[in-house]
Structures are given as C-alpha cells and as structure tokens.
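Q: Coordinates only, no sequence provided:
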C-alpha cells in the first residue's frame, strides 16, 4: 500500500472507530508499519485539514469525527479478489442477487489497472463447492423477513418420510451450512426448539400470532462445525479493542 492510499485508509479507519479511536500502536499493527510512520501520517492528515482529536492517558489515542466527508476509497486488487473469492463460495438463493450487485459496485469503482490485476489474480484461484439444495426463492424471502422481523410463521413442512405437517413456528436463526440452509425455530406443534431444512418447506406465510418465546441470543453450536457470525464483519471497531 503506497502512502497516499494509506493516508486515506487511515482516515477512514479512525472515522469508523468513532469516539473510541485508535492508538498509534494499534494503527501501526493494522497497517503493518512502524509507530513512527503512523505518527508522521497522522501529522500529515492534521496538516491536510482532517479534524483529528487526541486523548491522553493509558487508553488514549486518536479519533476523528464520523460525520466528516472523505473522498471515495478504491479497493486494492487484493481486496477485490478477496471479496470475489468470498462471494463465489456461496451462491445462496437469498443472497445471490445482492452478492452480484455488491461485486459490480466494487468493479465499477476500481481503476482499470487494479481491476486487471484483480482479475488476473482471481483467475489463479479455484474453489471446490458442494452443490446444495436451495429453497424456493419466494419461500426463502418470506422466511427471511420473519427471521429479521421476529414474526411467527405458518410453514408447510415435509419430513424425510414425505409426510407433510403444518406448523406455527417462531423463527430464531437462518443457518447456512455445507449441506444446505436450515431454519431454527420454536415449534408450537412440538413445543420445543426444532431445526427445519429450508428445501423441505414448501410454503411459508406470516401470521398475526405474537411471539412469546424470547429471541435466541447465544451462539449456535453444532458438533463438528465452527459457527461464523457475519455480524462481526460489520463491526470493524471490535477488531482492535481498546486496551484495558
């Protein structure tokens, strides 16, 4: 990363951190440069008019007003390739369209040289992906909205023996696994937490019934699997917590 790109990225890192800010040591680790280099970069940002604030003390550091406007940041070739690889690993019916439009926005913002470099690098990568059964697109969207909005659903579910039942469920999580997608929910019929394969739900409709089970707050644990939380990626400030 050249210095100009690092200055833009440094300002954006501080803006995203909010009032908590970052120490020079944290920023040096983030950008893989020395603390002295970071201090020179911060001085350059201040001279350029970026409204930096400093906080003294053990937990002190640097911060910047999140409301300040910044020039648009371009993705590097490696960043674009990383996003392309991540999005190619899953073509889930619920996210496929949004994944494509996100990647299109990245590609549209990139300079031609960086885009050519990203495409050349991505051409050297191969992913082995196991095809999995997808739920019906309309059913998937209905289920997702119920999960998001904490609404009770009436689902038509066919089990492994081909027997269909109609159930009212209180959705908890949408689970994307290596063998397909699942809905975890409190089942009114069985009076317990259940897991439903998405591709076996043939119909889903909202109900006026109010949920009475508390929303799940703990992590999902499945033997032999590691649970990933996409929400973590939307809190970059937590990647560099304030020292205690």
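A: Yep, that arrived. Please read all numbers here as calculations on a predicted model, not as lab measurements. Numbering: from 1, shown residues only.
Q: Which parts of the protein are helices?
A: Secondary structure of the chain (DSSP state H): helices located at 3-17, 24-31, 35-47, 77-88, 96-109, 112-122, 137-149, 230-233.
Q: any idea of the angle the fifth one forms with helix 77-88?
A: Spelled out, it's helix 96-109. Between helix 96-109 and helix 77-88, the angle comes out at 170 degrees (axes from the mean of the first three to the mean of the last three CA atoms, to 10 degrees).
Q: So which bits of helix 96-109 are buried?
A: The neighbour-count check on helix 96-109 (16 or more other CB atoms under 10 Å) flags 99, 103, 106 as buried. The C-beta positions use only the backbone N, C-alpha and C, and glycine is treated the same way.
Q: quick revisit: with distance to residue 188 added, can I get the helices of the chain in CSV?
A: Output for these, formatted as CSV (distance: least, CB to CB, whole Å):
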stretch, distance to residue 188
helix 3-17, 42
helix 24-31, 48
helix 35-47, 56
helix 77-88, 37
helix 96-109, 32
helix 112-122, 47
helix 137-149, 14
helix 230-233, 28
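Q: a markdown table for those, including mean pLDDT and distance to residue 54?
A: Converted to a markdown table, the helices of the chain look like this (pLDDT from 0 to 100; distance: least, CB to CB, whole Å):
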| stretch | mean pLDDT | distance to residue 54 |
| --- | --- | --- |
| helix 3-17 | 80 | 11 |
| helix 24-31 | 89 | 10 |
| helix 35-47 | 90 | 9 |
| helix 77-88 | 84 | 29 |
| helix 96-109 | 76 | 32 |
| helix 112-122 | 87 | 34 |
| helix 137-149 | 91 | 40 |
| helix 230-233 | 70 | 29 |
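Q: so which of those comes closest to residue 203?
A: Closest to residue 203 of these is helix 137-149 (CB to CB; 6.6 Å).
Q: what's that closest one in contact with?
A: The set of residues external to helix 137-149 that reach it, using CB atoms under 8 Å, 6 or more residues apart in numbering, is 93-94, 134-135, 151-153, 155, 171-174, 181, 183, 198, 201-206.
Q: The residues you listed, buried ones only, as a PyMOL selection?
A: To isolate the buried members of the contacts of helix 137-149 in PyMOL, using 16+ other CB under 10 Å:
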select buried, resi 93+94+134+135+151+152+153+155+171+172+173+174+181+183+198+201+204
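Q: Of the contacts of helix 137-149, which belong to strands?
A: Assigned to strands by DSSP state E, the following of the contacts of helix 137-149 qualify: 153, 155, 171-174, 181, 183, 201-206.
Q: Go through these and name the one nearest residue 194.
A: Set against residue 194, the nearest of those by CB to CB is residue 183 (8.7 Å).
Q: For the closest one, give me its contacts.
A: Residue 183 neighbours (CB under 8 Å, 6+ apart): 143, 147, 155, 169, 171, 173-175, 195-196, 198, 201.
Q: Many thanks, have a good one.
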